[in-house]
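Colleague: sequence first, then the predicted structure:
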Amino acid sequence: MNFTAIDFETANEKRNSPCSLGITVVEKGQIILEKYWLIRPKEMRFSPMNIWIHGIREGDVRNALEFDALWEEIRPFLEDRLVVAHNAAFDISVLRQTLTLYGIPFPTFDYCCTMIMSRHFYSYLENAKLNTANQHLGYSFTHHHAGADASACANILMNISKELQLHDINAIAAAVGFKLGKLFPGGYNACGTNGGGATSQNIYNASAQHKLDYYSCATDFFKDKIVAFTGSLSSLSRSEAISLVERCGGDYSPSVTLKTSIVVTGMKNVHMLTPEQMSTKLRRAMMLIERGQKIVFLNEDDFLELMR
């Protein structure tokens, strides 16, 4: 099957503030092209929460092009194609509101949502998040990087297509129980659900224990170390992350203390935050470091890589 998977990251709470876009092009069921752009938002304002999620800051896009200057390069990947996104309600809204901001007519394409597909087809999973579905499928990626997220989105649809042995999106929609959306000049029709449908038979990795068994925990990095967490991790619950630390011989502390040696955070780069943007635990850790205490910061990607 042929389609384009997309993922936007935004600078702030406004949908018309894209700061990055990832596109993955699939032809005949195979990825043939992956593209990634940093985008300078028209309003150069990055909120702390958005920075926390994707790690992109004003300095990263200061010399990037705005969306209108990139549109003619992006448009052929979308026009008259099937477009796929995970939480398509968000990504298609970003596209619509950004095109409207610049006075650019909407392209025409059908679209669908792999989050809705995952909620139906992998209904036995704890949730339909992008990382949860892909971990179940044995696919590892850097979450909240638009390029990696687009490829992870494509991976879900390719796996569903392969398992069902269906290569037409309308046939897949009928089997799984979702409806296509459509964007067109002047408007759009939202994608959605059509009720129940087929469920994957690939349930071998669905339990929480199997989820943790994915990690070997062979590292000595955490042995005899006191580990604190701040912020949420997209791939694991707090209790699951603590369980991995304990399997590696480490000890969990709910707060940052004089005994803390590792702080795991959902933020990609804590050193790029101002004190006002930091959590209480991060500010406490920075203060202890200034006083000579040795504390290592690990973002989610670093933490998971050590655990594998």
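Modeller: Nice, thanks for sending it over. Residues are numbered from 1 along each chain as shown.

Colleague: quick check: domain ranges of the protein?
Modeller: 3-193, 211-307 (automatic domain parsing).

Colleague: how long is the first one end to end?
Modeller: Using Cα to Cα, to the nearest Å, the gap from the first to the last residue of domain 3-193 comes to 20 Å.

Colleague: pLDDT on it, on average?
Modeller: Average pLDDT, domain 3-193: 95.

Colleague: for the shortest one, same thing?
Modeller: The pLDDT scores in domain 211-307 average 89.

Colleague: any idea how far G181 lies from C113?
Modeller: From G181 across to C113, the span is 8 Å (Cβ to Cβ, to the nearest Å). Glycine gets a C-beta too; all of them are placed from N, C-alpha and C.

Colleague: for L95, give me phi and psi.
Modeller: Dihedral angles of L95 (phi, psi; degrees, to the nearest 10) stand at phi -60, psi -50.

Colleague: quick one, what contacts it?
Modeller: Going by Cβ atoms under 8 Å, 6 or more residues apart in numbering, L95 touches 6, 8, 183.

Colleague: for the helix or strand encompassing the first one, buried residues please.
Modeller: In other words, I6. I6 is located in strand 3-10, with elements delineated by DSSP states H and E. By neighbour count with 16 or more other Cβ atoms under 10 Å, strand 3-10 contains the buried residues 3-10.

Colleague: got the contact list for it?
Modeller: So strand 3-10 is contacted by 17-26, 41, 50, 53-54, 56, 77-78, 81-86, 90-91, 94-95, 114, 144, 146-147, 149-151, 153-154, 157, 169 (Cβ under 8 Å, 6+ apart).

Colleague: for N2, give its distance to R81.
Modeller: 7 Å.

Colleague: sorry, that was for G147
Modeller: 18 Å.

Colleague: what does G59 give?
Modeller: For G59, the distance to R81 - Cβ to Cβ - is 34 Å.

Colleague: tell me which of these two has more neighbours.
Modeller: R81 (18 against 9; other Cβ atoms under 10 Å).

Colleague: need the strands for the stretch 51-200 of the chain, in chain order.
Modeller: 82-85, 109-113, 178-179, 181-184, 187-189, 192-193 (DSSP state E, counting those that start in this stretch).

Colleague: contacts for the last one?
Modeller: The list of residues contacting strand 192-193 from outside it, by Cβ under 8 Å, 6+ apart, reads 116, 119-120, 177-179, 181.

Colleague: H145 reaches L38, doesn't it?
Modeller: No - with contact defined as Cβ atoms under 8 Å, H145 and L38 do not form a contacting pair (11.1 Å).
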